[in-house]
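1. build me a model:
(one chain, ligands or ions: 1)
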Amino acid sequence: MKVRTRVAPSPTGDPHVGTAYVALVNYAFAKRHGGDFLLRVEDTDRARSTPESERAILQSLQWLGIEWDEGPDKGGPHGPYRQSERAAIYREHVDRLLADGHAFRCFCTSARLDDLRVAQRAAGQPSRYDGLCRGLSAEEVARRTAAGEPFVVRLVVPSEGICVVRDARRGPIEIAWSDVDMQVLMKSDGLPTYHLANVVDDHLMEITHVIRGEEWVSSAPKHLLLYSYFGWTPPEIAHLPLLRNPDKSKLSKRKNPTSILFYERMGYLPEALLNFLALLAAGAVDGEELFTLADFVEHFSLDRISLGGPVFDVPKLDWLNGRYLRERLEGDAFARRVGAWGFTPERIARIAGLAQPRIERLSDIGNLLAFFFAGRLTYDPALLAAGKIEAPTVRKALAVMQRELDTLRAWESAGIDALFRRVAGALDIKVRDLTRPFYVAVTGSPTSVPLYDAMEILGRDIVRERLRHALEMLGLPSKREQEEWKNVGSASTEIPA
Ligand code: GLU
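-> Residues are numbered from 1 along each chain as shown. Model (predicted):
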């Protein structure tokens, strides 16, 4: 049997380093066994999935040097590889489960489910579906369906007993069926949820080993149940430990940049970042911390996966990247990499264009534009609140803006401009006064080349990190503040003209 693994990202945000880590392990496992590695796009969440995110994820994995044998961009014998294009396949499978009595239609309204949740919480019980619609007669289901009542399809789950999940790395994990919810498999819009689509696709795409993050352990019983209802042999399953912040909490962009694009823009080499992720997954190869992807693959086995939460330790990444820069780029290679990172003719043209109206000598360019070629900036934090607005408002503006910038679909100066005007309106301050601390945070100085153009050229990831750094100096917003400011300046609260 040919080994086949996959990575199955959901295109709902920036390309996350965790996706690359899971992809790398699946790639290494497949290649170690002469097998295939697939990429499948799990875009069943239509509200949150975007083509931009899909493109960025695929490009980032390619940039890192992880190649897949089958995928939405490459095709292959088991396509389509994008779940939004497979709706008919899922519907057919749901019908099968319904016909066999392994799933049932649920007509409960969201109001009822909310009440249920509240009651369960008050009683100190975990929130889950209580099975009301499981008891409906076939006639009633037919009548309500014919009457056009919206419904979802839920999984039938045994009420007692234990499910044993055999994790290839961790051994057996026991989960009581009473802890497993009657999962929604198909939403009222007729689209599948992750669980159904994932199992159906892993089977149809002949995946032999599912290696995924440990956040999915509790979903494994539902998946195993689906395999048995369909009469399919489940794949081998292994759960990887989650990447962690240095304080051991789950890696999150509030504490650490998590986007691969950020690391690219910061000037980490893809081979160094990949090596770093491989170290996190499985440690040194033959006692050596610097190794190639081919070395990693050659020595890879699931037993080498360390189960303790690997810490995404940026100083360690810096050290490794430094070694790559100094030791692994010979002759012209180094200069070529520097050029490709920050000095392509297109980038220089855009940046120079911003300087032209503002200089008297070409040598003024160094001071004016250095921030384009830097990572984190150093400046006196007092500068952030040295303008017309007071420090608490600057803090709030930075927090609101950081959140809202993340929601911009296209990263372009026109959209950034409109957002600044909206937030200035919401905070009741002049746009000019609002932008001043942002000039400081983004360019390191209260006056510079036009802010929105500079932000566009720097890119979302570097800007996000610079705003986060500024906020850190003024004090990151607390949970309560985030909640309090959640609607300030957001598009949804705008009063229609
Ligand atoms: N779409 C899921 C995710 O984004 C895939 C999880 C899995 O590997 O099954 O994490």
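
2. and the gap between the residue in the stretch 51-200 of the chain that the ligand sits nearest to and residue 98?
-> Distances between the stretch 51-200 of the chain and the ligand by C-beta to the nearest ligand atom are smallest at residue 198, namely 5.0 Å. The way it works is simple: take the backbone N, C-alpha and C, and place the C-beta from them, glycine included. As defined by C-beta to C-beta, to the nearest Å, residue 198 lies at a distance of 19 Å from residue 98.

3. ok, now residue 278?
-> Applying C-beta to C-beta to residue 278 and residue 98 gives a distance of 44 Å.

4. neighbour count winner among those two?
-> residue 278 (25 against 16; other C-beta atoms under 10 Å).

5. name the nearest residue to residue 377, sequence neighbours excluded.
-> Take residue 377 and drop its neighbours on the chain: the residue closest to it by C-beta to C-beta, 6 or more residues apart in numbering is residue 444, 4.1 Å away.

6. any idea how far that neighbour is from residue 466?
-> As judged by C-beta to C-beta, residue 444 and residue 466 stand 9 Å apart.

7. so between those two, which is more surrounded?
-> Neighbour comparison, residue 444 and residue 466: the larger count goes to residue 466, with 24 against 18 (by other C-beta under 10 Å).

8. got the contact list for residue 451?
-> By C-beta atoms under 8 Å, 6 or more residues apart in numbering, the contact set of residue 451 is 435, 438, 439, 442, 443.

9. ok, so of those residues, who is nearest residue 26?
-> For residue 26, the closest of the contacts of residue 451 turns out to be residue 442, at 37.5 Å, with distances computed as C-beta to C-beta.

10. in what helix or strand does the closest residue to that closest one other than its chain neighbours lie?
-> Using C-beta to C-beta, 6+ apart and skipping the chain neighbours, the partner closest in space to residue 442 is residue 466 (5.4 Å). Residue 466 is part of helix 460-474, with elements assigned from DSSP states H and E.

11. and whatever helix or strand comes next after that helix, how far from the chain's centre?
-> Elements were assigned by DSSP H and E; along the chain past helix 460-474, the next helix or strand is helix 479-484. The chain centre lies 23 Å from the centre of helix 479-484; the measure is C-alpha atoms, centre = their mean, to the nearest Å.

12. before we move on, what about stretch 322-342?
-> Computed by C-alpha atoms, centre = their mean, the separation of stretch 322-342 from the middle of its chain amounts to 29 Å.

13. residues of the protein that sit close to the ligand?
-> Within the chain, the positions lying close to the ligand (C-beta under 6 Å from any ligand atom) are 8, 9, 10, 42, 194, 198, 212, 216.

14. mind redoing it with 8 Å?
-> Within reach of the ligand by C-beta under 8 Å from any ligand atom, the chain has these residues: 6-10, 19, 22, 42, 194, 198, 202, 210-213, 215-216, 219.

15. give the buried subset of the residues you listed as a PyMOL selection command.
-> Here is the PyMOL command that selects the buried residues among these (16 or more other C-beta atoms under 10 Å):
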select buried, resi 6+7+8+9+10+19+22+42+194+198+202+210+211+212+213+216+219
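
16. which ones among the residues of the chain next to the ligand lie within strands?
-> When the residues of the chain next to the ligand are checked against strands (DSSP state E), the matches are 6, 7, 210, 211, 212, 213.

17. tell me if residue 354 really is in a strand.
-> No - according to DSSP: H, G, I helix; E, B strand; the rest coil, the state of residue 354 is helix, so it is not within a strand.

18. number of residues surrounding it?
-> As a burial measure, residue 354 scores 17 neighbours (other C-beta under 10 Å).
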